[in-house]
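Chemist: Sequence and predicted structure below; questions after.
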Amino acid sequence: MLFFIYMKKKNPLKILIPRFDTMGDIILIEGLIESLIAKFEEPDITLLVRSEYEQLYHLFPHNLKWLTISIHPYIMPSMQDVKELVRLFNNISQHSFDMILITTFNRTWIDDILASKFKETYIVAFGEYKPIKGRYKWIYDYFGLQVSLPFDKCVSADRELQETWKYSLFLDELDGKSVVLKPSRLHVDLEHTVKAEKVLNRNTMNRRPFFICLPGGNMNIPIKIWPSERYAAAISQIVTDYDMLPLIVGHESESSTVLKLSNMLTKENIETHYWIGKPGEIPVLAALIRKAQLYFGNDTGALHLACALGIPSVAIFGGGHWPRFLPEGKKSIGVAVRTPCFSCDWDCAFEDAPCIRLVTVEDALLAVKKVMDNHVESNRIFFPDRLSMETEFYMEKAYRKHLALKSVLNDTIDKYESEK
């Protein structure tokens, strides 16, 4: 409360929100940003993201400011990263932020070093402070930073909570007037609406209902991708049941996956169209999704685009980050096979994600029917029953063994790196 009383003297409150993760994670905090605007009476908010996601500014509130960084947060830092950090530190210093909100539940090394650098700024973060791993100590030493608790307030949240529920807890912990967390909502501008219409006109789809299918979208975690053969079978049935054309979409880096599925459908005499996006065309993808009747695809950033645009959505889900990134909205549902190894952070003990591989075409079609009939359960997940009790028992044993070996390996690496 003392902090808020002090801040009331400053107008507007200047807030920095670093988010070094990917598109879906950034989309999910849009509602938190809207809620902060209401809570602090039009604060001056800056979102710090990796450079490839700055294009999301087209879809977010127009009064939001953006900073970018080109460092990858999930790999070891290099001397090139040090140069980028110097630039970032100088940029942040010039802005003189009053508050830094670290809203990422699984913080990266960049989040922690940023907090250590700007300890004089009021900093709120999720979870308790954890000592840095030995492999990162050199970069603290380089900048002359202390390896100690850099946060003024830590917000506790159960790891198993869905992300937006965590944000609601985070919002409640901040001083200011009480507000309810707003849902994430994106806005497509006229420029990108026109570009989407040109794509549809070029594909002669402007007069027919259509649905979006994204069969790729997981370059960083390939095991999250449902097989193309099952997508082809499911799409064929959706076309028959709902009289909609499929538009297969993907980034140019995954064009082979898009073209493979498109060719499979064409061979089955199904009228099929595709769109391959180039770097910087996320807003065009959003505009295409907004005009669709349904999103059907993998658990990707495009899924969260669809949810934030209010489009009925079905995602082939999985247990890697369960249940943190369940689709938002009353018209959205994920489908996965519940296995004893849920919440594995996609470090799969079985190599090929059985929680996804065991999802059948019939399971996916039933999920589509639930969405199209507006019969989505409140928990927004559909679990088909696939495993026997005996199979679950042995899967759990294997998973526990995997965790034990992983812990030993990580401890060994940290010890080696700290002694170098």
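Modeler: Thanks, I have it.

Chemist: What segments of the stretch 51-200 of the chain are strands?
Modeler: For the stretch 51-200 of the chain, the strands defined by DSSP state E, counting those that start in this stretch cover 65-69, 99-102, 122-126, 153-155.

Chemist: and A367, which of those is closest to it?
Modeler: strand 122-126 (30.8 Å; C-beta to C-beta). For glycine as for every other residue, the C-beta is placed from the backbone atoms N, C-alpha and C.

Chemist: what packs against the closest one?
Modeler: strand 99-102, helix 109-117, strand 153-155, helix 163-173 (3 or more C-beta pairs under 8 Å, 6 or more residues apart in numbering; DSSP states H and E).

Chemist: can you do 7 Å?
Modeler: strand 99-102, strand 153-155, helix 163-173 (3 or more C-beta pairs under 7 Å, 6 or more residues apart in numbering; DSSP states H and E).

Chemist: Cross-check the contact I'm expecting between E328 and K182.
Modeler: No - E328 lies out of contact with K182 (C-beta atoms under 7 Å); the separation is 11.3 Å.

Chemist: Of these two, give the one with the bigger neighbour count.
Modeler: E328 (23 against 18; other C-beta atoms under 10 Å).

Chemist: out of everything not next to it in sequence, what's closest to the more buried one?
Modeler: Once flanking residues are discounted, E328 sits nearest to C307: 4.5 Å by C-beta to C-beta, 6 or more residues apart in numbering.

Chemist: which residues does the one you found contact?
Modeler: Contact analysis of C307 by C-beta atoms under 7 Å, 6 or more residues apart in numbering lists 313, 327-329, 332.

Chemist: So which of these wins on neighbours?
Modeler: Going by other C-beta under 10 Å, S313 tops the contacts of C307 with 30 neighbours.

Chemist: Quick one: the helices in the stretch 51-200 of the chain, in order.
Modeler: For the stretch 51-200 of the chain, helices defined by DSSP state H, counting those that start in this stretch occupy the ranges 79-95, 109-117, 137-143, 163-173, 190-202.

Chemist: contacts for the third one?
Modeler: Contacts with helix 137-143, where a contact means C-beta under 7 Å, 6+ apart, come from 77, 82, 113, 116-117, 132, 147, 418.

Chemist: about what we covered before: and the helices of the stretch 51-200 of the chain, which is most packed in?
Modeler: Mean neighbours per residue, mean count of other C-beta atoms under 10 Å, is largest over the helices of the stretch 51-200 of the chain for helix 109-117, with a mean of 22.

Chemist: and that helix, what does it pack onto?
Modeler: Secondary elements touching helix 109-117 (3+ C-beta pairs under 7 Å, 6+ apart): strand 99-102, helix 137-143.

Chemist: looking at those, which has the lowest confidence?
Modeler: Sorting the helices and strands packed on helix 109-117 by mean pLDDT places helix 137-143 lowest, at a mean of 90.

Chemist: Any idea which of the helices and strands packed on helix 109-117 gets closest to R357?
Modeler: Closest among those, using C-beta to C-beta: strand 99-102, at 35.2 Å.

Chemist: Each with direction, which strands does the closest one pair with?
Modeler: Paired strands of strand 99-102, with direction, are strand 14-19 (parallel), strand 122-126 (parallel) (DSSP bridges).

Chemist: can you list contacts of it?
Modeler: Under C-beta under 7 Å, 6+ apart, the answer for strand 99-102 is 13, 15-18, 111, 115, 118, 121-126.

Chemist: how about those residues in a markdown table, adding pLDDT and distance to D175?
Modeler: Output for the contacts of strand 99-102, formatted as a markdown table (pLDDT from 0 to 100; distance: C-beta to C-beta, whole Å):
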| residue | pLDDT | distance to D175 |
| --- | --- | --- |
| L13 | 93 | 10 |
| I15 | 96 | 12 |
| L16 | 97 | 17 |
| I17 | 97 | 16 |
| P18 | 97 | 20 |
| D111 | 92 | 22 |
| A115 | 92 | 19 |
| F118 | 94 | 19 |
| T121 | 94 | 15 |
| Y122 | 95 | 10 |
| I123 | 94 | 14 |
| V124 | 95 | 10 |
| A125 | 93 | 16 |
| F126 | 88 | 17 |
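
Chemist: Could you dump those into CSV with distance to Y231 added?
Modeler: Output for the contacts of strand 99-102, formatted as CSV (distance: C-beta to C-beta, whole Å):
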residue, distance to Y231
L13, 47
I15, 42
L16, 41
I17, 36
P18, 36
D111, 36
A115, 42
F118, 46
T121, 47
Y122, 48
I123, 44
V124, 42
A125, 39
F126, 35
